[in-house]
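A.B. asks: Quick one, fold the following:
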Amino acid sequence: SDMAAVEIAADDFAQLLPPDWTGTVRAWLAEDTPAFDIGGFVVGDKPEVAHLYAKSAGVLCGRPFVDQVFQECGCAVEWHRREGEHLDAGEGKVHVATVRGPARKLLLGERTALNTLSRASGVATVASEAVRAARASGWAGAVAGTRKTTPGFRVVEKYALLVAGADTHRYDLSHMVMLKDNHIWSCGSVTAAVHKAKRAAGFSTKVEVEARSLEEGLEAAAAGADVVMLDNFAPEALVEAAGAIKAKHPHVLIEASGGVTLDNIAQFAGAGVDVISKSFH
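C.D. replies: Residues are numbered from 1 along each chain as shown. As a prediction, this is how the structure comes out:
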């Protein structure tokens, strides 16, 4: 599609970050130094230079967060590698960045910056591998990361999915309605749950239903679900069920979830499957 053909630089995704994200960075620093910084007192404000190296292969991700950590600490970061760049450390460590500032300020931000960069780069690396594996056979759907994120760290991990070329799925409970088995059991039926959800969601919010069988998937689609998640299906059965639902409800999106790994993701990437989701966190 035209949308898929648009090239977006990984750096541009920083423009998505919400207005309060810098406050989140300040909270990280406050958590790490809630009282006296005695180690910082020992080294003082002597100007120093720190070098950041990558020691294993992966996708570099998290530059905006590192920049903000050190900005809060009064230090300057000079990057030598691009956001989203694949780093190959096979021939030794890769010089990623240089940070300059007072010794105590460098050490104040060091661990928070490294933790964030490592986490974001790890998520981006695994998600990038999954996208590549799913698309190897020509499948053009979306590989999405679920809401199974680290509490308090979702903005970083969802950002990392975008840098990796993956889909963020829904950001939170208010972003899209997902009716899972517990919702349906408690409400009484798939149809009743979908109708109640759509009454509150209106036209602007999609409703997704988790289906454990083809019958539940067909009922959900007939009731007006926008997305049907086929959960814990074996790959062959999943592709068959996706085709059956699409035949009757061609505009319904089909999501495959449950049991998806890097080793088998390509088996789920069949005709009729629009989204494959898994946890990357």
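
A.B. asks: List the backbone torsions phi and psi for G145.
C.D. replies: Here is the backbone geometry of G145 (degrees, to the nearest 10): phi -100, psi 130.

A.B. asks: could you list every residue that touches it?
C.D. replies: By C-beta atoms under 8 Å, 6 or more residues apart in numbering, the contact list for G145 reads 123, 127, 157-158, 161, 166-169, 277-281. Using the backbone N, CA and C atoms, a C-beta is placed for each residue, glycine as well.

A.B. asks: Any idea how many residues pack against V59?
C.D. replies: When neighbours are counted by other C-beta atoms under 10 Å, V59 registers 24.

A.B. asks: Could you name the specific helix or strand carrying the residue lying closest to it once chain neighbours are set aside?
C.D. replies: If you skip the residues right next to it in sequence, V59 has A124 as its closest partner in space, 4.1 Å away by C-beta to C-beta, 6 or more residues apart in numbering. Under the criterion of DSSP states H and E, A124 resides in helix 103-135.

A.B. asks: Give me the buried positions along that helix.
C.D. replies: 103-110, 112-113, 115-117, 119-131, 133-135 (16 or more other C-beta atoms under 10 Å).

A.B. asks: How about residues contacting stretch 147-166?
C.D. replies: If you take C-beta under 8 Å, 6+ apart as the criterion, stretch 147-166 is touched by 10, 13-14, 16-18, 21, 24, 59, 61-62, 64-65, 83-84, 116, 119-121, 123-125, 127-128, 130-131, 142-145, 167-173, 279-281.

A.B. asks: if we go to 6 Å?
C.D. replies: Contacting residues not belonging to stretch 147-166 are listed as 10, 13, 21, 61, 84, 120, 123-124, 127-128, 131, 143, 145, 168, 279, 281 [C-beta atoms under 6 Å, 6 or more residues apart in numbering].

A.B. asks: Endpoints of it, how far apart?
C.D. replies: End-to-end distance of stretch 147-166 (C-alpha to C-alpha, to the nearest Å): 14 Å.
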